[in-house]
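Enquirer: here is a sequence with its predicted model. Questions after.
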Amino acid sequence: MQENLLNVVQEPIREVLDWVDRILNYSIFHLGETQLTIGLILTLIISFVALFVISEWLRKILVNRVLVKYQMEAGTRLTIGTVVKYLLILAGVFSILQTNGIDLSAFGILAGAIGVGIGFGLQNITNNFISGLIILFEQPIKIGDRIEVGNVSGDVIKISARATMIVTNDNISIIVPNSQFIDNQVINWSHNDRNIRFRFPVGVSYKEDPDHVKRILLEVAESNHGVLQSPKADVLFEEYGDSSLNFVLMVWTSDYIDKPKILQSQLYFEIFRRFSEEGIEIPFPQRDIHIKSGFDK
């Protein structure tokens, strides 16, 4: 009795398992000598998802726990982590394909088809991808750098395979294709370090003493918290202008590399105040007009 009951229960289960087995082994198409079944495709999908998740997890561990111990810059750590992630994905893809018995020789045909697609419509995507690899290996720009490319100026916050994300001073995110950094001139304000020198023009009246003006400008620069004490600020007597003696105040900063206009405004406010206290005249253009009457002889 119990044996008959057990057979009654097991029979539907065997039928379900046989049905699942037929579905999983159902052949969709052949890739070279490999027969692609539904089960194989599901296995590949799960394997690839796991590969991308694990590679991203390892990248974060490498960047945030391992490389941070070696006192590297944040941009350099992120670049190394991204390169390692791409290498893991590349090695993992081939390992998964070989483990599941995929005929890799058949990918020659696929590569040819991809080449045709690149020739017709994927040139920009391929160009940006290769440019992204060049950026990651050569590091002309890194995450955290202050750059200018074309009409875009801002801080690099992300470098991906296709494009780079830049945030402007107005907190606007701009996506720039990686090829722009290879094909065009790029100004990197922080490629070597974060110390940048700015030049601010200042004009005074011809009656003023240049040494007195220089002393005031240097005192203003030294009293500003955003100006570095080393290297020291300096003042150049640039030229005799049409209506003024023109000087250039040169200051070094690392805090205002991304907002030079703010530093300029602070210095100009203080320069104006000090000039007023010291009686230094700031000239303005003047023009004398002589009207000659037609009755004059």
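Expert: That came in fine, so what should we check first?
Enquirer: just after the lowest-mean-pLDDT helix or strand in the chain, pick out the following helix or strand.
Expert: Between all helices and strands in the chain, the lowest mean by mean pLDDT, DSSP states H and E belongs to helix 107-120, at a mean of 62. Downstream of helix 107-120, the first helix or strand assigned by DSSP states H and E is helix 123-138.
Enquirer: for that next one, which outside residues touch it?
Expert: Residues from elsewhere that reach helix 123-138, judged by CB atoms under 8 Å, 6 or more residues apart in numbering: 79, 82-83, 86, 118, 141, 159-164, 177-179, 181-182. Every residue, glycine included, has its C-beta placed from N, CA and C.
Enquirer: how far does it sit from the chain's center?
Expert: Relative to the centre of its chain, helix 123-138 is centred 13 Å away, using CA atoms, centre = their mean, to the nearest Å.
Enquirer: can you name the next helix or strand after it?
Expert: Criterion used, DSSP H and E; the element after helix 123-138 is strand 146-149.
Enquirer: report all helices and strands that that following strand contacts.
Expert: When contacts are defined as 3 or more CB pairs under 8 Å, 6 or more residues apart in numbering; DSSP states H and E, strand 146-149 packs onto strand 152-159, strand 186-188.
Enquirer: who does the next helix or strand after the longest one pair up with?
Expert: In other words, strand 152-159. Once the chain leaves strand 152-159, the next helix or strand it forms, by DSSP H and E, is strand 163-167. Strand pairing for strand 163-167, determined by DSSP bridges: strand 152-159 (antiparallel), strand 173-177 (antiparallel).
Enquirer: for Leu236, which non-adjacent residue is spatially closest?
Expert: Val248 (4.4 Å; CB to CB, 6 or more residues apart in numbering).
Enquirer: ok, now how distant is that neighbour from Tyr240?
Expert: Distance from Val248 to Tyr240, counting by CB to CB, to the nearest Å: 14 Å.
Enquirer: the two: who's more crowded?
Expert: Between Val248 and Tyr240, counting by other CB atoms under 10 Å, Val248 is the more crowded of the two (15 against 10).
Enquirer: domains of this structure?
Expert: 15-121, 141-188, 196-278 (automatic domain parsing).
Enquirer: turn those into TSV, columns for distance to Asn128.
Expert: Shown next, in TSV, are these (distance: least, CB to CB, whole Å):
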stretch	distance to Asn128
domain 15-121	12
domain 141-188	5
domain 196-278	26
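Enquirer: what secondary structure does the spatially closest residue to Pro231 that is not a sequence neighbour sit in?
Expert: Setting aside the residues directly before and after it, Pro231 is nearest to Trp252 in space (CB to CB, 6+ apart), at 5.0 Å. Assigned by DSSP: H, G, I helix; E, B strand; the rest coil, the conformation of Trp252 is strand.
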